[in-house]
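**Student:** What follows is a protein structure lacking sequence information:
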């Protein structure tokens, strides 16, 4: 199956700093990527839909100025958590849709963010 | 708005037992349904994908069924093993829309 990578796999940062997470589709071109977050023992909650070359669409309650998403190419989307707070600590997972294969979403391994 | 419910929330079974995990969704206009496995602190592993036109998919000891009209899917695991212990997530999509996830079933298989 298709492979999606995320970098970094884990990161610790101080309150007030910004952190960038990368999501790459390694063997297919993804016009659409999705960003989810997951709190401990909770399910995945969609944060935003990222479309190549256009602005991301954010879910209700997600601050677009705090979670900056850029989908600059067909294989790369980035999520930047700006002015991070401890409550932003979570597991962030991206996925990419392969438009040529049943529309299936492939998931990255996730990034564990801890804000101290 | 699509809502996905998984029952039970947690399940503990002895090794070797066959088991069924349940998933229901409120909007039957789906394009596909996927079952995932998630180990603690890890990402998602796709287990099975069922297109809306299909009724079931099988992979090894796993069998997933889909009854779109009633908004239900089941994941059947045969001859469970301790290595099957994980959280199992069900998710549905309308095609161009992102997957909507249930809260998962935490499975423990006791040796």
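**Tutor:** Ah, there it is. What you are looking at is a predicted structure, and each value in this text was computed from that prediction instead of being measured. Numbering: from 1, shown residues only, chains lettered A, B, ... in the order given.
**Student:** show me what contacts residue A:109?
**Tutor:** Contact analysis of residue A:109 by C-beta atoms under 8 Å, 6 or more residues apart in numbering or on different chains lists A:5-6, A:9, B:42-43. To be clear about C-beta, it is placed using only N, CA and C from the backbone, and glycine gets the same treatment.
**Student:** Next, it: secondary structure please.
**Tutor:** For residue A:109, the assignment made with DSSP: H, G, I helix; E, B strand; the rest coil gives coil.
**Student:** Quick check: phi and psi at it.
**Tutor:** phi -80, psi -10 (degrees, to the nearest 10).
**Student:** rewinding a little: which one among the contacts of residue A:109 gets closest to residue A:44?
**Tutor:** residue B:43 (10.2 Å; C-beta to C-beta).
**Student:** Kindly state the beta-bridge partners for residue B:49.
**Tutor:** On the basis of DSSP bridges, residue B:49 is bridged to residue B:34.
**Student:** my guess is it meets residue B:30, correct?
**Tutor:** No - the criterion here is C-beta atoms under 8 Å, and residue B:49 misses it with residue B:30 at 11.7 Å.
**Student:** Averaged pLDDT, the helix or strand containing residue A:20. What do you get?
**Tutor:** Following DSSP states H and E, one finds residue A:20 within strand A:19-25. In this model, strand A:19-25 has a mean pLDDT of 96.
**Student:** Check which residues of that strand are buried.
**Tutor:** Buried residues in strand A:19-25, counted by 16 or more other C-beta atoms under 10 Å in any protein chain shown: A:19, A:21, A:23-25.
**Student:** next SSE after the helix or strand of chain A with the lowest mean pLDDT?
**Tutor:** Ranking every helix and strand in chain A by mean pLDDT, DSSP states H and E puts strand A:105-107 at the bottom, with a mean of 89. Following strand A:105-107 in sequence order, the next helix or strand is strand A:111-115 (DSSP H and E).
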